[in-house]
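**Q** below are the sequence and a predicted model for it; my questions follow.
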Amino acid sequence: MAKKQLVSVKVNGREREAAVEPRLLLVHFIRESLQLTGTHIGCDTSHCGACTVVLNGKTVKSCTMFAVQADGAEILTVEGLASASGQLHALQEGFKQEHGLQCGFCTPGMLMSSYALLRNNPNPSEEEIRRGISGNLCRCTGYQNIVGAVQYAAAKMAKPGNEASVAEGVAK
Amino acid sequence: MIHKTSPEIGGMGHSIKRKEDLRFIQGKGNYVDDVHLPGMVYGQLVRSPYAHARLKSINTEKAKAVPGVLAVITGEDLAKANLAWMPTLSYDKQMVLATGKVLFQSQEVAFVVAEDRYAAADAAELVEVEYEELPVLVDPHKALDADAPLLREDREQKNNHIFHWEVGDRKATEQVFQKAPVKASVNAFFPRCHPAPLETCGCVADFSRATGRLTVYMTSQAPHAHRTVFALVGGIPENNIRVISPDIGGGFGNKVPVYPGYVCAIVASLTLGVPVKWIETRSENLQSTGFARDYHMTAEIAADRDGKMQALRVKTLADHGAFNAAAQPTKFPAGLFSICTGSYEYAQAFCEVDGVYTNKAPGGIAYRCSFRVTEAAYLIERVVDVLALELKMDPAELRRRNFIPAEKFPYKSSLGWTYDSGNYEAAMNLALEKIGYQQLRKEQAEKRKKGELMGIGISSFTEIVGAGPAHTFDILGIKMFDSCEIRIHPTGKAMARMGTKSQGQGHETTYAQIVAQELGIPAADVTIEEGDTDTAPYGLGTYASRSTPTSGAATAIAARKIRDKAKKIAAYLLECNENDLEWEPGKFFVKGAPSKAKTIQDIAFAAYTNIPPGLEAGLEAVDYYDPPNLTFPFGTYVCVVDIDKGTGEVKVRRFVAVDDCGNIINPMIVEGQIHGGLTEGLAIAFMQQIDYDESGNIQGGSFQDYLLPTAVETPHWETDKTCTPSPHHPFGAKGVGESPNVGSPAAFVNAVVDALSHLGVKHIDMPITPWKVWKVLQEKGVAA
């Protein structure tokens, strides 16, 4: 076992740190060291995207990075999507309203990819949504209602007065 | 017709949003790998690189020397406790950890336990196993050859044959074939595929030396059955075992069997006295746990020149891998495959299946499928299209001429099933109309003139689900009833528990809607709990589309028992005779005087505070429902494809799915099930196969080569429905989760073959990859 190294990150707006083996995967760091178990593991080849988080504004598959590589980073996980007061993010609401989830296992990763998609492209076409979530596998829904959920969120976020709640997520 | 309750009550027919979603969208689900117990340690399996090899020796010294390693368990260790083998759910047995030899690549050989998962993985690498390779049997067609290597030396029977099963009248069927003017046949292989739920299998086994109790958190679609298996195999008193199936990240049949990893974790916890977590990797999941299908099938139809079918003959070779680890009802070694007569009438039919062992992962599980109905539906829908080609008849017209007519239900099939209800032509007509069938045929004719390849595929499938009646159905002797217990609290809110277990189907919502429908208590006020054997009534679990037909029925019946008692209480409160009361969802009122009423909430309060003399306190009921028959959902799917002559790529242009699952609890959830099942069907038809090379090496053992469709490959699905209620189910429902996976493969394949049929193509085996199509285009000289 190699000597442990201290890793400090800002997760969902909170400073967190833990001493970890250099080979510890970021996803294990998030799930086990930080006990944020919303981020899931569905494969061992970086295909499924269940472990997707937003790191320094970009989506990463957290099984494909070491925790030590994330030292100093700002990370947003599914647990940080809702506002501090518990107000759901438009995407979370969309997934519920449009039946965009069944077993729920891919959902956190799907939400994070959709979140990053809408930040870069607030009004995506169906094809752009499908491409935007194509790094995330879902075994239950056939994606159609996930597309609907992202469209729901995009429409909601485009309404005047809703920018604040969206910005809150970004600020984290 | 089902009375529709108000949206506030949210009974059947309302697309209410799912109750379970709130935790999942906030990352607050509780899947098995999220379970973290004090002092918990981790297990890692060591697996065989060989498909067939003698185990010469296992040296665990180096592994044990890794810091943090607590134990390394081998098959020899388990043998001392008589646990080296375990029973499968098909009256076979399976090695937990190998002793003597290994029989498939990735077979479990040793179990390393360490303080963290990285140390366990390190140590697993250091377990030294010496193997002596043996001849490998991959091709099931060679399994019964005289010179085939004997795989299962443990059995008394010294060959690789598992079972022969037949149903129907062989001789009478033969006679029809001899005289029939038209015959059509197809050899169709349904490839080995894997359910691949996004969450792999795993468990946390927690044996407390202080209490003598074993708690197992596990990915189980059938927690009660698993508790009983653990009690029988491990000799632990069943009252000292608690199986908890937490949130499950998809099952699709993969989480029905008992796997060696569970047993190893339990043994390790019993030995070490600490909780042991075992979570398999994706590769382990694909390579070692319950695969599905692997049926080599031949179907022949005899017909007259007008296309009226006369007889069906089916012969199948079933590859079960190294152990027959299918989860099948006892009397049905090939499951419900004899539903292969499908939606059609014949005078005679005969079906036979032989199961064999090969050096492949064990299984034969029902992947989103009611025990081999998927194979059956695919086969019949494929051969019907071949017959249409033979007769040069439109495949829709051929189906129309042979459907079991709506007025003949209940219909006894020539292979012995009594179909409960159906209206096949109505479903097909709706599907054809919705897709614009006639117009598409015209377009196809135009395109053919221009040399373009376009195909239309139809599948008019019939399912058989909801196992099943106790007189016929059991697994390991346990009858296939299922259960519900409902408790109404004093404030009129309710808690209900079932013997089933949701893996994404939305039970927490739909079961609450059944209670709402029957009692008028708003679905929002009904909490559903499943998966804890300490609290839920006994049941056989969720698979084979059985939740609604069995536990759903039990929920309705239990609620009706509560309503009967509520009526007595209402009569007491209203000072009238029970017979003077009428019910509308949510309240009893005096006939002719609707203002004299007591709500179910009033009644619930009285059940604890103002109990009528002579009546027990409380308001609860339990029901163990033994279905009188299976249910037979059906539908017609129509698929339109365009084929790229340059690359062989098949593009699904449109797909219309018309389903009939009887009365619907939640239309939104039903539609979601259809979308998901169609997407899995698409994957099976075009992308997926777990294949083996001649040495028994797995091809398709990770997501690198076992492909799951992404949102980009998945088309937009168009859905619709007809409604033919089940006459014997308490609220006329049939079950739906599996229909799209059962019915769609044939629609996809029929569409591709239809696009190529004018070139003389009659059949292409799944998965229909661009490479396969490209080769056909080359052969036929039409490649661009």
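**A** Ah, there it is. Numbering: from 1, shown residues only, chains lettered A, B, ... in the order given.
**Q** against residue B:38, how distant is residue B:588?
**A** 51 Å (CB to CB, to the nearest Å). All C-beta spots, glycine's among them, are computed from the backbone N, C-alpha and C.
**Q** compare the two (neighbour count), which wins?
**A** Taking other CB atoms under 10 Å in any protein chain shown, residue B:588 and residue B:38 do not tie; residue B:588 has more neighbours (27 against 7).
**Q** can you tell me the element that one falls in?
**A** In this structure, residue B:588 sits in strand B:587-590 according to DSSP states H and E.
**Q** in its sheet, what does the lowest-mean-pLDDT helix or strand in chain B sit against?
**A** Least confident element among the helices and strands of chain B, by mean pLDDT, DSSP states H and E: strand B:363-365 (a mean of 91). When pairs are called by DSSP bridges, strand B:363-365 turns out to pair with strand B:291-303 (parallel).
**Q** okay, now the domains of chain A?
**A** Chain A breaks down into these domains under automatic domain parsing: A:5-78, A:90-171.
**Q** quick one on the thing from earlier: what is the strand holding residue B:588 packed up against?
**A** Strand B:587-590 is packed against helix B:553-574, strand B:581-584, strand B:593-599, with contacts defined by 3 or more CB pairs under 8 Å, 6 or more residues apart in numbering or on different chains; DSSP states H and E.
**Q** gap between the nearest residue to residue B:577 once chain neighbours are set aside and residue B:520?
**A** Nearest residue to residue B:577 in three dimensions, chain neighbours excluded: residue B:571, at 6.3 Å (CB to CB, 6 or more residues apart in numbering or on different chains). Plainly put, residue B:571 is 17 Å away from residue B:520 if you go by CB to CB.
**Q** hmm, back to that, look at the residue nearest to residue B:577 and report its pLDDT.
**A** Note on residue B:571: pLDDT of 98.
**Q** list the contacts for it?
**A** Counting by CB atoms under 8 Å, 6 or more residues apart in numbering or on different chains, residue B:571 touches B:577, B:578, B:580, B:581, B:588.
**Q** so residue B:131 sits in a strand?
**A** Yes - applying DSSP: H, G, I helix; E, B strand; the rest coil, one finds residue B:131 inside a strand.
**Q** what is the burial count for the spatially closest residue to it that is not a sequence neighbour?
**A** Once flanking residues are discounted, residue B:131 sits nearest to residue B:53: 3.9 Å by CB to CB, 6+ apart. By other CB under 10 Å, 23 other residues sit near residue B:53.
**Q** would you put the C-alpha positions of stretch B:760-778 in PDB?
**A** Extracted in PDB, the C-alpha atoms of stretch B:760-778 (Å, rounded to 0.1, in the frame of the first residue of the first chain):
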ATOM      1  CA  GLY B 760     -34.200 -14.600 -51.600                       C
ATOM      2  CA  VAL B 761     -33.400 -13.900 -47.900                       C
ATOM      3  CA  LYS B 762     -35.600 -15.800 -45.500                       C
ATOM      4  CA  HIS B 763     -33.800 -15.500 -42.200                       C
ATOM      5  CA  ILE B 764     -30.900 -13.800 -40.500                       C
ATOM      6  CA  ASP B 765     -30.000 -14.700 -37.000                       C
ATOM      7  CA  MET B 766     -29.700 -12.000 -34.300                       C
ATOM      8  CA  PRO B 767     -27.800 -10.000 -33.500                       C
ATOM      9  CA  ILE B 768     -28.200  -8.400 -36.900                       C
ATOM     10  CA  THR B 769     -25.000  -6.400 -37.000                       C
ATOM     11  CA  PRO B 770     -24.000  -4.200 -39.900                       C
ATOM     12  CA  TRP B 771     -21.300  -6.700 -40.700                       C
ATOM     13  CA  LYS B 772     -23.800  -9.500 -41.100                       C
ATOM     14  CA  VAL B 773     -26.100  -7.400 -43.300                       C
ATOM     15  CA  TRP B 774     -23.100  -6.200 -45.400                       C
ATOM     16  CA  LYS B 775     -22.100  -9.800 -46.000                       C
ATOM     17  CA  VAL B 776     -25.600 -10.600 -47.200                       C
ATOM     18  CA  LEU B 777     -25.600  -7.600 -49.500                       C
ATOM     19  CA  GLN B 778     -22.300  -8.700 -50.900                       C
END
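**Q** contacts for the strand holding residue B:588 next, please.
**A** Contacts for strand B:587-590 (CB under 8 Å, 6+ apart): B:520, B:566-567, B:570-571, B:574, B:576, B:580-582, B:595-600, B:603.
**Q** and the helices in chain A?
**A** Shown for chain A, the helices assigned by DSSP state H span residues A:26-28, A:90-97, A:107-120, A:126-132, A:144-158, A:163-171.
**Q** so, low pLDDT: which residues of chain A?
**A** A:1, A:163-172 (pLDDT under 70).
**Q** contact residues of the stretch 401-550 of chain B facing chain A?
**A** B:503, B:504, B:505, B:506 (CB under 8 Å from any CB of the partner chain).
**Q** show the contacting residues for the last one.
**A** Spelled out, it's residue B:506. Per CB under 8 Å, 6+ apart, neighbours of residue B:506: A:102, B:18, B:20, B:666, B:669, B:672.
**Q** the residue nearest to residue B:94 when sequence neighbours are not counted: what's it in contact with?
**A** The spatial neighbour of residue B:94 that comes closest, neighbours along the chain excluded (CB to CB, 6+ apart), is residue B:323 at 4.0 Å. Residue B:323 makes contacts with B:88, B:92, B:93, B:94, B:95, B:103, B:357, B:362, as judged by CB under 8 Å, 6+ apart.
**Q** nearest to residue A:70 among these?
**A** residue B:362 (40.4 Å; CB to CB).
**Q** which residue lies nearest the spatial centre of chain A?
**A** Relative to the mean C-alpha position of chain A, the nearest C-alpha, by CA atoms, centre = their mean, is the one of residue A:112, at 2.6 Å.
**Q** could you find the closest non-adjacent residue to that residue?
**A** Nearest one to residue A:112, counting by CB to CB, 6+ apart, is residue A:52 at 4.6 Å.
**Q** just give the number of residues close to that neighbour.
**A** Counted with other CB under 10 Å, residue A:52 comes out at 30.
**Q** so what's it bridging to?
**A** residue A:61.
**Q** cool, and residue B:168?
**A** Applying DSSP bridges to residue B:168 gives these bridge partners: residue B:350.
**Q** residues in contact with it?
**A** By CB under 8 Å, 6+ apart, the neighbours of residue B:168 are B:338, B:348, B:349, B:350, B:351, B:414, B:415, B:416.
**Q** which residues does residue 88 contact?
**A** Picking chain A for this. Applying CB under 8 Å, 6+ apart, the residues near residue A:88 are A:81, A:82, A:96, B:25, B:26.
**Q** let me rephrase: I mean chain B.
**A** B:94, B:257, B:258, B:323, B:324, B:325, B:326, B:362.
**Q** wait, doesn't the fifth one sit right on residue B:92?
**A** Yes - taking contact to mean CB atoms under 8 Å, the distance of 3.8 Å between residue B:324 and residue B:92 places them in contact.
**Q** overlap of the contact sets of those two?
**A** residue B:162.
**Q** now the strands for the stretch 551-700 of chain B?
**A** Applying DSSP state E, counting those that start in this stretch to the stretch 551-700 of chain B gives strands spanning B:581-584, B:587-590, B:593-599, B:620-625, B:634-643, B:650-660, B:691-692, B:698-699.
**Q** between the contacts of residue B:571, which is nearest residue B:396?
**A** Of all these, residue B:588 has the smallest distance to residue B:396: 51.3 Å, by CB to CB.
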